[in-house]
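Participant: just the structure for this:
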Amino acid sequence: MTTVRRGATALAAAAVLLAGVAGAVAPAAHAAPSPAPSPSAPAVPAGLYGAKDPTYDGVWRQSLAFMAQQATGVEPAEQSVAWLLDQQCDNGGFPSFRADTAGDCPAGKPLDTNATAVALQALKGVDSHEDRTRQARADATAWLKLVQNHDGGWGYNPGSPSDANSTALVVSALAAVGEKPGSVRAAGGKSPYDALLTFALPCSAKPGGGAFAYQPEKDGTLRANDDATAAAVLAGLGKHALVRGVTPDQEPTCVDAAKPTAERAARNGAAHLAAAVAKTGHLDLPPMPGASATAARPDVGNTADAALSLAAAGHRDAAARAMTWLEGNSAAWAKEGGPAAYAQLILAAHTAGADPRAFGGADLVAQLNATGPKPASTPDTRDQGGDEQDGTEQAKKEEESGFPVWLLVSVFLVAGIGVGFLLSGRGGKRKP
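Facilitator: Sure, this is the predicted structure:
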């Protein structure tokens, strides 16, 4: 969960790097990086993780950073917690980012169910500002329930059609704070699980049997989407991104039930993901229009999401295969992606039983911590009473570099990739 944020990246890249390019913006990879600041971009505020333009993913990347730190025993700086709390609007919802926090959010400010869901979960695990965080969680929970769609699900913004990623993110966040998602019902009586089932493909579907779609096509067709599937697996099992993997290992199975349940659909989705990583250990970005299937590129962010969901479903062998690939192939991607990318890998490692402090020869936790203010405490500083080196400035300088041209092209030309659930930006993504 969901990531450097795919939709955030696409929109930010459009605003910062490809302004004026004709054509629709398609959602991109879940863990693609935030764009470097432009002259018109807001200044990166003190307390925020990462050095790049926060316009489309500020709350998202901050929240994922907190969740990853929670998984590894790190307490974020009070300044960072205050920054996230200040982003919340008086009605309880969170925007993707707001630069001016002196008063309430202005009328018409778009609020973001994905950002609100991850902020809700992130604020559950912090120790500072106790009274404010408690109230913030209560307000965010109430707001999410208020903007639930009639079909039981959620869209990216209030009032937009439900999608699998947004619905799954909210379900997982509600589960993380002790709510019973199945009891959260819309005015018509439908639950979030009713909505999730509408995105599930039958096992007999070719291609993509057992997977989830992001949303139905205009003609009602469901098209398999690995990003949506990873998010829906976690939510369908009633779990969240800080869950530990299930033991012993279970055999992935896809079964079409006469009366499907969200859990059965989630297990079908996990079987789809297990098959998808079986050959190479990773998922692929869909090839660009006109390109051959051999032109597909590895999708690091969705592979991390899949590993987390597979481990949560009890498919530890399949998760381990993906984690092995990630350990050998994610370093450059994580450095470019920044805090949300590091967090996404840490959360996958936490669930799958890998060591994020020795991940392919790298300490992901130290790398994440270096992208923001010095943490209030870490396991080392608590145990030894010492002080850790603050690498924030160097890490932020590294993060300000640009990202590959091929990724920019894929952001704008690859259609049909769903909203990332962890992560970046995976978490959620904005549907064009």
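Participant: need phi/psi at residue 350.
Facilitator: Per-residue torsions, residue 350: phi -60, psi -50 (degrees, to the nearest 10).
Participant: gap between residue 371 and residue 80?
Facilitator: As judged by CB to CB, to the nearest Å, residue 371 and residue 80 stand 11 Å apart. All C-beta spots, glycine's among them, are computed from the backbone N, C-alpha and C.
Participant: any shared contact partners between those two?
Facilitator: Taking CB atoms under 8 Å, 6 or more residues apart in numbering as the contact rule, residue 371 and residue 80 both touch 49, 65.
Participant: which residue packs closest to residue 369, ignoring adjacent ones?
Facilitator: residue 375 (5.5 Å; CB to CB, 6 or more residues apart in numbering).
Participant: and if you look at residue 373?
Facilitator: Sequence neighbours aside, residue 77 is the residue nearest to residue 373 in space, at 4.0 Å (criterion: CB to CB, 6+ apart).
Participant: ok, now which ones touch the one you found?
Facilitator: By CB under 8 Å, 6+ apart, the neighbours of residue 77 are 47, 372-376.
Participant: next, format those as JSON lines and append neighbour count, distance to residue 288 and pLDDT.
Facilitator: As requested, those are exported to JSON lines (neighbours: other CB atoms under 10 Å; distance: CB to CB, whole Å; pLDDT from 0 to 100):
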{"residue": "47", "neighbour count": "18", "distance to residue 288": "38", "pLDDT": "96"}
{"residue": "372", "neighbour count": "27", "distance to residue 288": "34", "pLDDT": "97"}
{"residue": "373", "neighbour count": "18", "distance to residue 288": "39", "pLDDT": "97"}
{"residue": "374", "neighbour count": "19", "distance to residue 288": "42", "pLDDT": "96"}
{"residue": "375", "neighbour count": "18", "distance to residue 288": "40", "pLDDT": "97"}
{"residue": "376", "neighbour count": "19", "distance to residue 288": "44", "pLDDT": "97"}
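Participant: show me these that map onto strands.
Facilitator: Among the contacts of residue 77, DSSP state E puts none in strands.
Participant: need those in TSV with distance to residue 317, can you?
Facilitator: Listed next are the contacts of residue 77 as TSV, based on distance: CB to CB, whole Å:
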residue	distance to residue 317
47	41
372	35
373	39
374	39
375	34
376	38
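Participant: I'd like the next helix or strand past the particular helix or strand that has residue 168 in it.
Facilitator: According to DSSP states H and E, residue 168 maps onto helix 164-176. Downstream of helix 164-176, the next assigned helix or strand under DSSP H and E is helix 192-197.
Participant: avg pLDDT for that next one?
Facilitator: Helix 192-197 shows a mean pLDDT of 98.
Participant: do I have it right that residue 307 meets residue 322?
Facilitator: Yes. In this structure residue 307 lies within contact range of residue 322 using CB atoms under 8 Å: 3.9 Å.
Participant: and stretch 211-222, average pLDDT?
Facilitator: 97.
Participant: contacts for it next, please.
Facilitator: Where contact means CB under 8 Å, 6+ apart, the residues beyond stretch 211-222 that reach it are 27, 161-165, 196, 198-201, 205, 223-229, 231-233, 265, 268-269, 272-273, 416-419, 431.
Participant: gap between the two ends of it?
Facilitator: Distance between the boundary residues of stretch 211-222 (CA to CA, to the nearest Å) amounts to 9 Å.
Participant: residues of it that come out buried?
Facilitator: 211-215, 222 (16 or more other CB atoms under 10 Å).
Participant: now do stretch 235-246
Facilitator: Buried residues in stretch 235-246, counted by 16+ other CB under 10 Å: 235-243, 245-246.
Participant: which residues of the stretch 51-200 of the chain score low on pLDDT?
Facilitator: Across the stretch 51-200 of the chain, nothing is flagged by pLDDT under 70.
Participant: run through the helices of it in chain order.
Facilitator: 58-71, 78-87, 113-124, 130-146, 164-176, 192-197 (DSSP state H, counting those that start in this stretch).
Participant: got JSON lines for the ones you listed, with mean neighbour count and distance to residue 358 too?
Facilitator: Output for the helices of the stretch 51-200 of the chain, formatted as JSON lines (neighbours: other CB atoms under 10 Å; distance: least, CB to CB, whole Å):
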{"stretch": "helix 58-71", "mean neighbour count": "30", "distance to residue 358": "15"}
{"stretch": "helix 78-87", "mean neighbour count": "20", "distance to residue 358": "25"}
{"stretch": "helix 113-124", "mean neighbour count": "30", "distance to residue 358": "25"}
{"stretch": "helix 130-146", "mean neighbour count": "16", "distance to residue 358": "31"}
{"stretch": "helix 164-176", "mean neighbour count": "30", "distance to residue 358": "27"}
{"stretch": "helix 192-197", "mean neighbour count": "23", "distance to residue 358": "36"}
